[in-house]
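[1] Structure, please.
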Amino acid sequence: MAHRSLGPGLDGILIIDKPIGPTSHDVVGLVRRLAATKRVGHGGTLDPFASGVLPVFLGRGTRVVEFHMADRKGYRATVCFGASSSTDDLEGDLTVADGPAPTRVAVLAALPELTGAISQRPPAYSAIKVGGRRAYALARAGESVVLAERMVTVFALDLVTWDDSDPERPIAILDVACSAGTYIRALARDLGERLGSAAYLGALRRTAAGPFGEASAVPLDMVRDAAANGPVGLLPLLRPIDEGLDRFPDVPLTIAEVAAVSRGQFVRPEAGFAAGAERYRLRGPSGELAAIATDAGTGRLAPDKVLVSAGADA
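    Next up is the predicted model:
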């Protein structure tokens with residue numbers, strides 16, 4: 001059953017299908033204007049040239065963003081072989097590779113080598129800070145940028161289509177499931193290098209961000225149309241604040257317990273709960289989400305993210 005926040009206003013998650021062009025920040029700014037609220041954030045940056053699933057959190061929904069930042073991601077990536085890019089994607093300066101381009105058979109054989117826990121060097125043109133400055137700013141200024149490698153996890157890497165109509169510049173479309181923090185541009189680059197050639201990312205679409213998939217994503221035009229007569233028009237598009245947090249067990253509260261939680265007080269739920277979970281979703285008598293809590297020991301729960309106003313009941 002879907003539950004909304006006990007609080008007033010636009011509280012929830014808007015799953016947007018970001019088009020190619022705007023930045024994630026641009027999308028947040030648009031939603032902020034349409035929703036007439038400053039409390040808007042997103043769950044994972046998408047580059048301007050990328051499209052796809054961008055969860056946007058509104059109102060009290062911004063309080064659960066941190067629980068989604070480590071969510072695994074899904075992508076459909078277009079990898080162009082036969083040339084390297086200064087940015088590892090289509091927006092950089094291209095350099096034609098020496099030697100022949102790889103074959104479909106060679107690509108299929110190389111994919112398992114980039115699957116699992118792998119060490120990855122982020123692109124020089126990335127937002128990682130080096131000495132207090134963004135790496136992309138240093139790279140644009142002509143400075144040499146070599147970033148430290150980091151461990152990421154590629155859960156699945158599958159070839160969807162192979163186009164070698166231009167045998168010197170074949171194109172592969174890959175489905176990728178990976179951990180947060182994985183650079184798909186770097187994955188394309190490394191695949192080309194492993195094959196003794198070169199490659200760059202020609203297109204990218206995010207197909208999933210944790211529990212949020214393409215099927216539940218709405219285009220920006222639909223968001224604009226919904227808010228044409230005011231922010232209230234966005235309500236039907238909002239997902240519940242705790243959608244995707246099923247790993248947090250539900251704990252029912254009494255009216256008095258909801259009031260205590262609204263004041264930030266520990267509670268010892270009459271209904272009890274199984275100890276040991278990462279977090280708990282506390283619900284009022286009508287099922288409304290009152291708070292996200294942690295186990296404080298001795299049968300008590302400590303409110304971590306309070307989602308009701310002080311003195312509220314259900």
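
[2] where does the residue most central in space within the chain land in three-state SS?
    Compute the mean C-alpha point of the chain, and by Cα atoms, centre = their mean the closest residue is Gly44, 3.6 Å away. Reducing the assignment at Gly44 to three states with DSSP: H, G, I helix; E, B strand; the rest coil gives coil.

[3] any idea how far Leu14 is from it?
    The spacing between Gly44 and Leu14, counted by Cβ to Cβ, to the nearest Å, is 14 Å. Heads up, the C-betas are built off the backbone N, CA and C, glycines and all.

[4] Quick check: the residue nearest to the centre of the chain touching Phe212?
    No. Under the criterion of Cβ atoms under 8 Å, Gly44 is not in contact with Phe212, lying 10.0 Å apart.

[5] related to what we said a few turns ago, please tell me how far the residue nearest to the centre of the chain sits from Arg189.
    Relative to Arg189, Gly44 is positioned 21 Å away (criterion: Cβ to Cβ).

[6] Same question for Glu113.
    Distance of Glu113 to Arg189, given as Cβ to Cβ: 14 Å.

[7] before we move on, back to that, residues bridging contact with Gly44 and Phe212, i.e. touching both?
    Both Gly44 and Phe212 are contacted by Pro55, under the criterion Cβ atoms under 8 Å, 6 or more residues apart in numbering.

[8] circling back: quick check on Glu113 and Arg189: which one has the bigger neighbour count.
    More neighbours surround Arg189 than the other of Glu113 and Arg189, with 24 against 13 (other Cβ atoms under 10 Å).

[9] How far away from the center of its chain is the strand or helix carrying the more buried one?
    Using DSSP states H and E, Arg189 falls within helix 184-194. Taking the mean of its C-alpha atoms, helix 184-194 sits 21 Å from the chain's own mean (Cα atoms, centre = their mean, to the nearest Å).

[10] Look up the closest residue to Tyr183, ignoring the ones flanking it.
    Distances taken as Cβ to Cβ, 6 or more residues apart in numbering put Pro122 closest to Tyr183, at 5.4 Å, once the chain neighbours are dropped.

[11] Retrieve the pLDDT associated with Ala312.
    You'll see Ala312 listed with a pLDDT of 54.

[12] Same check on Glu243?
    Confidence at Glu243, expressed as pLDDT, is 95.

[13] Can you list the residue ranges for strands in the stretch 151-300 of the chain?
    Shown for the stretch 151-300 of the chain, the strands assigned by DSSP state E, counting those that start in this stretch span residues 171-178, 199-209, 212-213, 218-219, 250-252, 280-283, 289-297, 300-306.

[14] What residues sit buried inside the first one?
    Buried residues in strand 171-178, defined by neighbour count with 16 or more other Cβ atoms under 10 Å: Ile171, Ala172, Ile173, Leu174, Val176, Ala177, Cys178.

[15] Any idea what the last one is bridged to?
    Beta-bridge pairing for Cys178 (DSSP bridges): Lys73, Val154.

[16] Touching, it and Val154? I think so.
    Yes. Counting by Cβ under 8 Å, Cys178 does reach Val154; the two are 4.9 Å apart.

[17] Pull up the overlap in contacts between the two.
    By the contact definition Cβ under 8 Å, 6+ apart, Cys178 and Val154 are jointly contacted by Leu187.

[18] picking up where we left off before, what does the helix holding Arg189 rub up against?
    So helix 184-194 is in contact with 75, 77, 79-81, 84-85, 87-89, 97, 102, 107, 110-111, 113-114, 120-123, 154, 157, 176, 178, 198-201, 204, going by Cβ under 8 Å, 6+ apart.

[19] Distance check, Glu91 against Val107.
    From Glu91 over to Val107 the distance is 23 Å, taken as Cβ to Cβ.

[20] doesn't Ala172 make contact with Asp158?
    No. Look at Asp158 against Ala172 with Cβ under 8 Å: they stay out of range, at 10.4 Å.

[21] which other residues reach stretch 257-272?
    Applying Cβ under 8 Å, 6+ apart, the external contacts of stretch 257-272 come out as 6, 251-254, 282, 284-285, 290-291, 293, 296, 299-303, 306, 308-314.

[22] re earlier: go through the helix holding Arg189 and flag the buried ones.
    Burial within helix 184-194, assessed by neighbour count using 16+ other Cβ under 10 Å, is assigned to Ile184, Arg185, Ala186, Leu187, Ala188, Arg189, Asp190, Leu191, Gly192, Arg194.

[23] of those, closest to Asp166?
    Minimum distance to Asp166 across these is 15.5 Å, recorded for Gly192 (Cβ to Cβ).

[24] so how far is stretch 68-75 off the chain centroid?
    A distance of 5 Å separates the C-alpha centroid of stretch 68-75 from that of its chain, computed with Cα atoms, centre = their mean.
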